[in-house]
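Colleague: Need a 3D model of the sequence below.
(one chain, ligands or ions: 1)
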Amino acid sequence: MKDKEYVRKARLLMRKMTLEEKIGQLNQVGASIYGTTNESGYEEMAKNGKVGSFLSLHDPERCNKLQRIAVEQSRLGIPLIFAEDVIHGLKTVFPVPLAESCSFEPELASRTAEVAADEASACGVKWVFAPMTDIARDARWGRIAEGSGEDPYIGSLFAAARVKGFQGGGNDGNIDEKHVAACVKHFACYGAAESGKDYNTVQLSDNNLYNAYLPPYKAAVDAGVLTVMTAFNDLNGTPCTVNAPLIEGILRKSWGFEGVVVSDWAAVAEAEYHGYCADRKDCAAEAIKAGVTVDMMGHAYDTYLSDLAKKDGKIRRCIDELCEQVLVLKYRLGLFDRPYADLSRVKDLYSQEKLDLAAEAARKSIVLLKNDGILPLKRGAKVLVTGGLATDKRSMLGCWCFPETQESTVDTLSGIKEKFAADYAAVPVDISRYSAIICVVGETNRETGEAASHAFIGLKESDVALVKAAKKTGLPVIALVLSGRPLALTEINDDVNALVECWHLGSVGGRAIADVLCGDFSPEGRLTASFPRETGQCPIYYSHFNTGRPYIAGQGCRCKFRDCDEGPLYPFGFGLTYTEFEYSEPTIENAVIGKNDKIRLSVKLKNTGKVEGTETVQVYFRQISSKPIRPMKSLAAFKKVRLAAGESRTVKFTLDPDDLGIIRTAALKPERAKGKCEIFVGANSEDCKKIEFVTE
Ligand code: BGC
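Modeller: Sure, this is the predicted structure:
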């Protein structure tokens, strides 16, 4: 992927650079307060070539001011890169990534990432710290909101789609004016933090690493991602940021990644706290030898590399190699030719077209979990809305966003008011005038995202009390759950007539919710993370192993909890629509799949309800015996199918046994699946019909 011309230019430039200037390129500094205070500190750094990139700045005028100093006043005029956490939009805010993955529509994620890139670049940002592709199977971890859930197949599709959206269409890694460099994170396996506690240790077998956790990062690399961020955690005893087998071995050698590796915030220096490095100087040496290009706010590189380099030729070579990577990235981003943000583009931020896309994404992210027929509500119906989250604009935006556009965010109540005769009350009152009560429950934006691990993920007592009080009135109760994680909803599940997982939906979330409530949009989202019944079931995911004592109802010494029903409250892949679908028995062309054959499946799907609807037909695979063992089910394909009332269609899939087998090495190339196998076709990971076959 490395463009020879850029490498040549970078090397020419490096001939003129001092050691200190090269180290400067490897230093990334947080500048969120630039322009409000400490102007001269940042400006001095830019002028003296002590910094290669700034993060947390997306004001185009401030970016340009610093850039002008770097370009016009520094000795070699090397431009800076401005990086930012544009996780689900900058000005126009899209649903949190977990929600968006419930669309089962990677192409949608590509479009939202592209708009995010457009707005970011208009604001001077040419490097975004997304997509986050950490597989997350434990909803206690607050950062589950930032990824695509529990499944490596979905995770890989969304990872690749988002990279393409952010970076644009190819040109061998050249990034045009309206796109940005993406950064896949957090490498690796940050989502497997023990007990869902953020920053905690990660212990994973090779089987889990290769088959479940690493594939989405590799998908991003294969899609051409230009940068990778290391994870805070240790992986099996070695902190990821000083982990040479992981970075040099797997990422660079095995996967062929040639771009920039940036540490997470201060993670280089944290190798000391992990108890891996003796002191911060050692951290700098280990990180640079492991292949970490940029030290984000660890101040280990800028403090110690110069000294280390004077004594150690290997470190000098590493500095050269890594500095070249930063410069090549700057060439790819066109920064030497167009260093400044074009201020005229600011007028296109938050445009109607972008908001329309945000509305589409929000509608497709909503998952209808339960409905006894109360939904859709008649347009114009008189409803009572309760719950503090109903008017909380900031929480509708979710974790990781900037408050600038908060005022114009459509909260739940405002959205509902556009379609219904709605009143708001803190608690259910005067119920005689209403046809239903809508309880808005869940969590605030501050309760999800980074450093928001929870030991309890049930609903808050006040939310449960609200729903119970609503139920007591005798009116139908609709619960809307706003959250960044799957919450354990058991306490209200039986009390409500309808339960809607709305997530944190972004700029126009309230409007999307109202579209679903009134049936202008028939819900089509499917869960990409299992919803537990109780916190104690975490981690919980559909693709578990069978164990030697699989659960059998009513039997004693089985893999189960004594005080909790088996399985999730709502499984992976689950989601209702406003219609009903009927599946025929799926069929397979050959019950024995020969060496060069593919698996050809078909299933007849019928919309047996009264309205049009979209079904997501899901195909899961199982290899009956394998050494080591494999999951009970793994998602292998899916198709979204839109059918009118009464319409039928035969849905076909072709799968290749070569893609379905176990992965045994870091190259992540699957073996061919051989022997007895099963395919499951259906509406979700639990409700599906089985076919058995043998592959040769
Ligand atoms: C997070 C990263 C983020 C970085 C920069 C860290 O705390 O883990 O995901 O990109 O900060 O803001």
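
Colleague: if we look at stretch 29-37, which residues are touching it?
Modeller: Contacts to stretch 29-37, defined as Cβ atoms under 8 Å, 6 or more residues apart in numbering, come from residues 42, 45, 51, 53-57, 59, 62, 65-66, 265, 296-297. For the C-beta atoms, the positions are set from N, CA and C on the backbone; glycine is no exception.

Colleague: wait, does that stretch contact the ligand?
Modeller: No. Stretch 29-37 does not reach the ligand (Cβ under 6 Å from any ligand atom); its nearest approach is 7.5 Å.

Colleague: burial measure for the residue nearest to residue 87 when sequence neighbours are not counted, as a count.
Modeller: Of all residues not flanking residue 87 in the chain, residue 400 sits nearest, at 4.0 Å (Cβ to Cβ, 6 or more residues apart in numbering). The number of residues packed near residue 400 is 25, by other Cβ atoms under 10 Å.

Colleague: Now residue 400: phi and psi?
Modeller: phi 50, psi 50 (degrees, to the nearest 10).

Colleague: Repeat that for residue 653.
Modeller: Residue 653 adopts backbone torsions of phi -140, psi 140, taken as degrees, to the nearest 10.

Colleague: Which positions are bridged to it in the beta structure?
Modeller: Assessed by DSSP bridges, residue 653 has beta-bridge partners residue 601.

Colleague: How about residue 128?
Modeller: residue 84.

Colleague: That one is in contact with residue 119, isn't it?
Modeller: No. Judged on Cβ atoms under 8 Å, residue 128 makes no contact with residue 119 at a distance of 10.3 Å.

Colleague: Could you tell me which residues touch both of the two?
Modeller: residue 86.

Colleague: Any stretches of the chain with poor pLDDT?
Modeller: Across the chain, the ranges flagged by pLDDT under 70 are 1, 170-171.

Colleague: tell me what the lengthiest helix in it is packed against?
Modeller: In the chain, taking DSSP state H as the definition, the longest helix is helix 313-332. Secondary-structure packing of helix 313-332 (3 or more Cβ pairs under 8 Å, 6 or more residues apart in numbering; DSSP states H and E): helix 4-16, helix 19-25, strand 260-262, helix 280-290, helix 301-311.

Colleague: between these, which gets nearest to the ligand?
Modeller: strand 260-262 (8.6 Å; Cβ to the nearest ligand atom).

Colleague: Centre of the chain to the next helix or strand after the closest one, how far?
Modeller: Once the chain leaves strand 260-262, the next helix or strand it forms, by DSSP states H and E, is helix 267-270. In terms of Cα atoms, centre = their mean, to the nearest Å, the centre of helix 267-270 is set 24 Å apart from its chain centre.

Colleague: ok, the closest residue to residue 48 other than its chain neighbours - contacts?
Modeller: Nearest non-adjacent residue to residue 48, counting by Cβ to Cβ, 6+ apart: residue 74, 7.0 Å away. Counting by Cβ under 8 Å, 6+ apart, residue 74 touches 46, 47, 48, 49.

Colleague: top of those by neighbour count?
Modeller: residue 46 (27 neighbours).

Colleague: Kindly export the strand or helix carrying that one (C-alpha atoms) in PDB.
Modeller: Using DSSP H and E, residue 46 maps to helix 39-47. Output of helix 39-47 as PDB, limited to C-alpha atoms (Å, rounded to 0.1, in the frame of the first residue of the first chain):
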ATOM      1  CA  GLU A  39      -1.700  29.300  23.300                       C
ATOM      2  CA  SER A  40       2.000  29.800  23.400                       C
ATOM      3  CA  GLY A  41       2.800  26.300  24.700                       C
ATOM      4  CA  TYR A  42       1.200  24.600  21.600                       C
ATOM      5  CA  GLU A  43       2.500  27.300  19.200                       C
ATOM      6  CA  GLU A  44       6.100  26.900  20.500                       C
ATOM      7  CA  MET A  45       5.900  23.100  19.900                       C
ATOM      8  CA  ALA A  46       4.600  23.600  16.400                       C
ATOM      9  CA  LYS A  47       7.200  26.200  15.600                       C
END
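
Colleague: chain center to it: distance?
Modeller: With Cα atoms, centre = their mean, you get 34 Å for helix 39-47.

Colleague: which parts of the stretch 351-500 of the chain sit against the ligand?
Modeller: residue 450.

Colleague: burial count for residue 657?
Modeller: Neighbour tally, residue 657, other Cβ under 10 Å: 23.

Colleague: That one and residue 695, how far apart?
Modeller: 4 Å (Cβ to Cβ, to the nearest Å).

Colleague: Identify the contacts common to the two.
Modeller: 593, 599, 672, 673, 674, 677.

Colleague: wait, which of those is closest to the ligand?
Modeller: Of all the shared contacts of residue 657 and residue 695, the ligand sits closest to residue 673, with 35.3 Å by Cβ to the nearest ligand atom.

Colleague: residue contacts, the closest one?
Modeller: Taking Cβ under 8 Å, 6+ apart as the test, what residue 673 contacts is 621, 623, 657, 660, 661, 662, 695.

Colleague: again, only using 10 Å
Modeller: Neighbour list for residue 673: 593, 599, 621-624, 626, 630, 636, 655-662, 695 [criterion: Cβ atoms under 10 Å, 6 or more residues apart in numbering].

Colleague: Filter those residues down to the buried ones.
Modeller: Buried by 16 or more other Cβ atoms under 10 Å: 593, 599, 621-623, 626, 630, 636, 655, 657, 660-662, 695, out of the contacts of residue 673.

Colleague: Mind exporting the C-alpha coordinates of stretch 674-686 to CSV?
Modeller: Output of stretch 674-686 as CSV, limited to C-alpha atoms (Å, rounded to 0.1, in the frame of the first residue of the first chain):
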residue,chain,number,x,y,z
LYS,A,674,-14.8,-30.7,7.0
GLY,A,675,-17.1,-33.5,8.2
LYS,A,676,-20.5,-33.3,9.8
CYS,A,677,-21.9,-29.7,9.7
GLU,A,678,-25.1,-27.9,10.4
ILE,A,679,-26.7,-24.8,9.0
PHE,A,680,-29.4,-22.9,10.7
VAL,A,681,-31.6,-20.5,8.8
GLY,A,682,-34.1,-18.2,10.4
ALA,A,683,-35.1,-14.9,12.0
ASN,A,684,-32.5,-14.8,14.8
SER,A,685,-29.8,-16.9,16.5
GLU,A,686,-32.4,-18.9,18.4
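
Colleague: No further queries at this time; thank you.
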